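# mind looking at a prediction? Sequence and model below.
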Amino acid sequence: MTNEILEVEATEVTLENTIQQELVKANVTDAVIAELHNRYGSLRLKSVDDKESYLEIKAAAKECSKIRNLASKICKTGREDAVKIQKLWVAKEKEVIARIEEVENVLDAEVEKYDNEIKRKEEEEKQRKENEYMTRSQTLTKMGTVFSNSEFTLGEFSIQASLVKECSQDVWEFEMLPKFQEQYEVIESARIEEQKKKYAEAAELKRKQDELAEQQRLFQEQQAEFERKQQEALRAEQQRKLDEQKAQAELNNKRLQLIAPYNPYNKGVDTQNLHLLTEEAFISLVDDTKAKFEQEQEDAKAKMQEEIAAKERERIQNENNQKELQRQQEEQRKAEELASAGDKANWSNFIEQLNNLTVPTVNSSRYKKIYGIAKEKIEEILALKP
């Protein structure tokens, strides 16, 4: 191995010397390149429009290009054999590799099959674990378990979620889940007990409410019965009073009919309270009223005869007065007929002026009301007949 390295290194040194000699023959040496750097490395345009410096730089670039092209030509000529050798090596490499790959590709495919199957099983197991963890989480959630800080907690029992996920089915079913179920049963028992207590309290409250409602119903019934009896008593009392008033009214009317012929104008007699008198007192009242009425009739007859005579005298006087009045009225009528001719014309002119009267437009409610009254008065005047 060491000899091979030495041979490679010796070959590389010999090749380096050969290349260097070819470049020296064409005068492409380190000294020439250094001279290019020294002479042209610092050349720059004095200004963007300085033609003199431009031409100098262009000539320098041309000289550099000449030496560069010469070096490139020498190197290309020198590596023609190397390129041929390289192509042969590349071709041989492809041939050998292709033959090896005929076997290797088949082997790699088998290896890939195995690797893919392992990967599939790993993914399948991973998915199974995820599904199993999801199922376990759902089971715990249904129990009322709280998930916080990567832990499942139910009552006094708490465990890391990673343990729930990674534990075997046996550990889960026979060790872990029973502890959660134990806590669930404790909590559920307490919840059921609390629920029973609430139901009992609700039932007791309902019983008391029903009892109170029944008491209120009975009270309302008693109140209604009391009010009904009061109403019945009130109606009975009112009926009694009505009957009593009716009887009193009938007695009063009966006595009024007996005394009315002797007291047609109800003078000196309390006709509204005749029913209050005893029978003896009423008979005495009738007798006194009758005697007084008969005396008044006699007095009235005498007075009437005197009045008749006075009326006859008055009639005669009235006839005379009437004749005089008629005479005066006739004279007055004739005088009014003479004056009426002028008054009629004045009245017609007045009516015409009212008909032509223009009522102004007003906006305030106060003046609308006043103008409304005025309009009614004008209509009343227009309706007057002379």
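Sure thing, it's come through.

# quick one: low-confidence parts of the chain?
Filtered on pLDDT under 70, the chain yields the residue ranges 1-13, 265-266, 334-342, 359, 386.

# so for the helix or strand hosting Y54, what gets flagged as buried?
Secondary structure from DSSP states H and E places Y54 in helix 51-78. Buried residues in helix 51-78, counted by 16 or more other Cβ atoms under 10 Å: I67, A71, I74. Where you see a C-beta, it was placed from the backbone N, CA and C, and this is true even at glycine.

# what sits against the first one?
If you count contacts by Cβ atoms under 8 Å, 6 or more residues apart in numbering, I67 has them with V28, V32, I33, L36.

# okay, helices next: where are they in the stretch 51-200 of the chain?
Applying DSSP state H, counting those that start in this stretch to the stretch 51-200 of the chain gives helices spanning 51-78, 80-143, 161-166, 169-171, 177-259.

# I'd like those helices as a markdown table, with distance to M304 appended.
Shown next, in a markdown table, are the helices of the stretch 51-200 of the chain (distance: least, Cβ to Cβ, whole Å):
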| stretch | distance to M304 |
| --- | --- |
| helix 51-78 | 172 |
| helix 80-143 | 123 |
| helix 161-166 | 135 |
| helix 169-171 | 142 |
| helix 177-259 | 24 |
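
# please identify the deepest-packed of the ones you listed.
helix 161-166 (a mean of 15; mean count of other Cβ atoms under 10 Å).

# other SSEs contacting that helix?
Under the contact criterion of 3 or more Cβ pairs under 8 Å, 6 or more residues apart in numbering; DSSP states H and E, helix 161-166 touches helix 80-143, strand 151-154.

# that one: how far from the chain's middle?
48 Å (Cα atoms, centre = their mean, to the nearest Å).

# name the residues that touch that helix?
K129, E132, Y133, R136, S137, L140, F147, S150, E151, F152, W172, M176.

# just the closest of those residues to Q328, please.
Checking the contacts of helix 161-166 against Q328 by Cβ to Cβ gives F147 as the nearest, at 130.0 Å.

# pretty sure that closest one contacts Q138?
No - if you go by Cβ atoms under 8 Å, F147 and Q138 don't touch, sitting 11.4 Å apart.

# name the nearest residue to F293, ignoring sequence neighbours.
Closest residue in space to F293, ignoring its immediate chain neighbours: Y262 at 3.8 Å, by Cβ to Cβ, 6 or more residues apart in numbering.

# pretty sure that neighbour sits against Q297.
No - counting by Cβ under 8 Å, Y262 does not reach Q297; the two are 9.5 Å apart.

# higher neighbour count, the two?
Taking other Cβ atoms under 10 Å, Y262 and Q297 do not tie; Y262 has more neighbours (19 against 12).

# for that one, give me its contacts.
Contacts of Y262 were listed using Cβ under 8 Å, 6+ apart, and they are V286, T289, K290, K292, F293, E294.

# make it 6 Å
Applying Cβ atoms under 6 Å, 6 or more residues apart in numbering, we find Y262 in contact with T289, K290, F293.

# neighbour-wise, which of these leads?
Most surrounded of the contacts of Y262: other Cβ under 10 Å gives T289, at 19 neighbours.

# quick check: that residue vs S189, distance?
Counting by Cβ to Cβ, to the nearest Å, the separation of T289 from S189 is 106 Å.

# next: A233.
The value you get for A233 to S189, if Cβ to Cβ is used, is 65 Å.

# kindly report the same for G41.
Note on G41: its distance to S189, by Cβ to Cβ, is 97 Å.

# ditto for E214
37 Å.

# quick one, phi/psi of C167?
When read as degrees, to the nearest 10, the backbone of C167 gives phi -70, psi 160.

# next, count neighbours for it.
By the measure other Cβ under 10 Å, the count of residues near C167 is 18.

# show the contacting residues for it.
Residues in contact with C167 (Cβ under 6 Å, 6+ apart): none are found.

# one more time with 10 Å, if that's ok
By Cβ atoms under 10 Å, 6 or more residues apart in numbering, the residues touching C167 are E132, Y133, R136, I159, E173, E175, M176, L177.

# how near is the fifth one to K179?
The one in question is E173. E173 is 12 Å from K179, where distance means Cβ to Cβ.

# with the fourth one instead?
Between I159 and K179 the distance is 8 Å, computed by Cβ to Cβ.

# tell me, what residue is most central in the chain?
When Cα atoms, centre = their mean is applied to the chain, the residue found nearest the centroid is A202 (34.7 Å).

# how much space separates the closest residue to E22 other than its chain neighbours from E63?
The shortest distance from E22 to any non-neighbouring residue, by Cβ to Cβ, 6+ apart, is to I74 (5.3 Å). I74 sits 17 Å away from E63, going by Cβ to Cβ.

# I am finished for the moment; much appreciated.
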